[in-house]
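Engineer: attaching a predicted model along with its sequence, questions to come.
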Amino acid sequence: MIVLVGFMGAGKSTVGPLVAESLGLPFVDIDRTIEAAEGASVAEIFTRAGEATFRALESAAVERALDGPRAVIALGGGALGDPATCVALEWHTVVHLGVSYPEAMRRIGSDAGRPMLAVADPRALYDARTSTYQRVARHTVPTDGRSPAEVAAAVIEAAGTRVVPSEPTVEVGLGTRSYKVHVGADLARSPARFVPVPPGGKVFLITHPSLVDAAKVVIDPLSESTAVHVLTVPEGESSKSMIGAAALLEDLAAKGAGRRDVVVSFGGGVVSDLAGFVASTYHRGMALVHVPTSLLAQVDAAIGGKTAVNLPQGKNLVGTFHQPLAVICDVTFLRSLPDDELRAGLAEVIKAGLIADERLAELVAERIGDIFTRDDDVLIEIVRRSAGIKAGIVAADEREAGPREVLNYGHTFGHALEHTTSLRHGEAVAIGMMAAAHLAHDLGLLDDAAVEFHRRVLGTAGLPTAAVFDLDEAMDVLGRDKKHREGLRFVVLDAIGGPARVVPADRDQTVVAFRKVSA
C-alpha cells in the first residue's frame, strides 16, 4: 500500500487520485469511505456522535483498507492518533505530505467541514500531529509552492513505484477474486492473453446475431487452440429476461458445457448482464470474461460482478454477484458504435465524474468533439478513469452493503423513467441525475452552481435533462424499486465530485424533483 498522511490542507485527497491514476491503482479516501457508509459528513458525525465514535469508525475503516487489495490510501489528519493504526502502517509505504502551518491555514480557510479547526489551539495540534507524521512515515514530500501534479510525481518517486505502461489496466481488488480491467486499442485481437482456458476446456461466446462477424476478432484466434461455441440472443432489453436466460442455459446443457469451460460475453450491457447471470447459475458458477463493445458496458455493466435479468414488474429484479476473470475494454469497438449509443454511454462516464472525479466530468465537456470523432487517446482516458472509479468502489463494497450504492446516482429516478418511456438507459439516467441534483438542492445539499454544472455537462454531451412522462406511472415504478426500503431513498451529492450519500425523501419531495425534469 501507498498511504498518504498529513495535516489538514496538505492535499491528500487531491494528490492521492493523481498518484493512483498514474500507478493504475484504486484510490481510497478514508474520510469519504466513512461518509458513504454512514450517510453523513465527517462534521455531522462529530456533531451527532462525538469524536470518539468517529475515531472508532476511522480505525475500522483504515484496518479494512489496509487488509484489502493494493491501493493508494489517504488517511484523515488525526488517524495516526490510534496506536494500532501506527503499528499496522509499519508494513506499508507511508508518505507524509508536508505543509507549513501558514500554508495549511491558507488552503483550509474557514472550512466549516473540518471539526478539528474548532480546537482551542490549532497550532499546537499541527505541531503534535506533524511530529507523529514524521515518526511514522518513511518519506516526507514537501507541498508548499508545488502543484498537485508535482507532488504526485514526487510521491511516486519516493515510494519507488513505477508508473503503469501505455496499456493501462485497472484492478478490481477483491482478494483471491481480484481481476483486471484492460483498457486500450486493438486488445481483442490477442484474446488468449485474457481468456484463460484450461486444457480440454471450451469457450462459449454469447453475443447478438448482428455482432457475430465483429466477434470473429476474438473467435478466430481462440479457435486455433480451443473449441469455441457461439450462442446468440436477440437484441434489445427484452432478451434480458428469465426466458432469455433459460434459453441460454439450455444451449449450454445441450452443448455439454462444464465447470472447466469459460463463458465470454461480447456486446453491450444486455449481453454482459445476461451472460454474467447465466455463467453464475450454470453448474453453480462458470468462469467468465467480458468483452464489452459499447461505452456503457465498458465503463459500467461489465465491471463489478452484478448480473441481472428483468421481470415485467421492473428492471434487474433477479440477479447475482459473479465476478469475471477479466474485462477487455477495447476502444476500437467504439468506432462503429452509433452516436446515439455512444452518447447514452457518456451518461455513465459523467455519473462517475459527478460522484468521484469532477475533472472527468469536465473532460467530457471539453473533449466532446474528440469523443465523437472516436479519438482513441480520449476514449481510453475516459474509459480508464470511469473504470477506476467503479473498481475502487466495488473493492470497498462488493455486494452493495453500503458505499457501492453511490453508483446508483441518477438510476433510481432513471429506472422509473426508462420503464415508463421510450428513453434509452443512458438518457433516462441523465434525466435521473438531473432530478437527483434538484432533490439535493431542495434538501439544501447542492447550490445553484452545482445544479447548473449538471445541466451544462449533460447538455454539452447532447443528453436530455428533461422529458415527457406520466408522473403517476413513474411514481408507481419507484414504489417497486428494489432499493425501496421503508420509503423512497435516493443517492444525492454534497458537492460535484462527491461525497455522495443515500437519503430518504418523502413522496412530495420526490414529486417536486420529478416535476422539475418534466418537459
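Structural biologist: Perfect, thanks for sending it. Residues are numbered from 1 along each chain as shown.
Engineer: ok so A391 is a helix residue?
Structural biologist: Yes. Counting by DSSP: H, G, I helix; E, B strand; the rest coil, A391 is found in a helix.
Engineer: residues touching it, list them.
Structural biologist: Contact analysis of A391 by CB atoms under 8 Å, 6 or more residues apart in numbering lists P26, V170, E171, V172, G173, V181, I303, G304. Using the backbone N, CA and C atoms, a C-beta is placed for each residue, glycine as well.
Engineer: who's in contact with the second one?
Structural biologist: The contact partners of V170, taken as CB under 8 Å, 6+ apart, are G24, P26, K180, V181, V183, R384, A387, G388, A391.
Engineer: chain center to the helix or strand hosting the third one: distance?
Structural biologist: Here K180 is covered by strand 179-184, with elements defined by DSSP states H and E. Using CA atoms, centre = their mean, to the nearest Å, the distance from the centre of strand 179-184 to the centre of the chain it belongs to is 14 Å.
Engineer: that one pairs with which strands, parallel or anti?
Structural biologist: Neighbouring strands of strand 179-184 in its sheet, by DSSP bridges, are strand 169-172 (antiparallel), strand 326-330 (parallel).
Engineer: now distance to I380 and mean pLDDT too, for the ones you listed, in CSV please.
Structural biologist: CSV is the format used below for the strands paired with strand 179-184 (distance: least, CB to CB, whole Å; pLDDT from 0 to 100):
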stretch, distance to I380, mean pLDDT
strand 169-172, 11, 87
strand 326-330, 9, 96
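Engineer: what's near enough to touch A396?
Structural biologist: V28, T33, R64, A65, G68, P403, R404.
Engineer: between the contacts of A391, which is nearest D121?
Structural biologist: P26 (36.8 Å; CB to CB).
Engineer: please report the distance of the nearest residue to the closest one once chain neighbours are set aside from T421.
Structural biologist: Counting by CB to CB, 6 or more residues apart in numbering, G392 is the residue found nearest to P26 once chain neighbours are left out, at 3.6 Å. Note on G392: its distance to T421, by CB to CB, to the nearest Å, is 32 Å.
Engineer: again with D144
Structural biologist: Counting by CB to CB, the gap from D144 to T421 is 54 Å.
Engineer: higher neighbour count, the two?
Structural biologist: Counted by other CB atoms under 10 Å, D144 and T421 do not tie: T421 has more neighbours, with 17 against 14.
Engineer: assess the claim that that one and F469 are in contact.
Structural biologist: Yes. With contact defined as CB atoms under 8 Å, T421 reaches F469; the gap is 5.1 Å.
Engineer: gap between the residue nearest the centre of the chain and M105?
Structural biologist: Residue closest to the average C-alpha location in the chain (CA atoms, centre = their mean): K390, at 1.8 Å. K390 is 36 Å from M105, where distance means CB to CB.
Engineer: how's the chain carved up into domains?
Structural biologist: 2-159, 169-337, 382-515 (automatic domain parsing).
Engineer: with distance to G345 added, can I get those in CSV?
Structural biologist: Below are the domains of the chain laid out as CSV (distance: least, CB to CB, whole Å):
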stretch, distance to G345
domain 2-159, 21
domain 169-337, 3
domain 382-515, 6
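Engineer: the ones you listed: lowest mean pLDDT?
Structural biologist: Sorting these by mean pLDDT places domain 2-159 lowest, at a mean of 81.
Engineer: now that domain: how far from the chain's centre is it?
Structural biologist: 22 Å.
Engineer: distance between the ends of it?
Structural biologist: Domain 2-159 has an end-to-end distance of 7 Å (criterion: CA to CA, to the nearest Å).
Engineer: before I go, just wanted to say thanks for your time.
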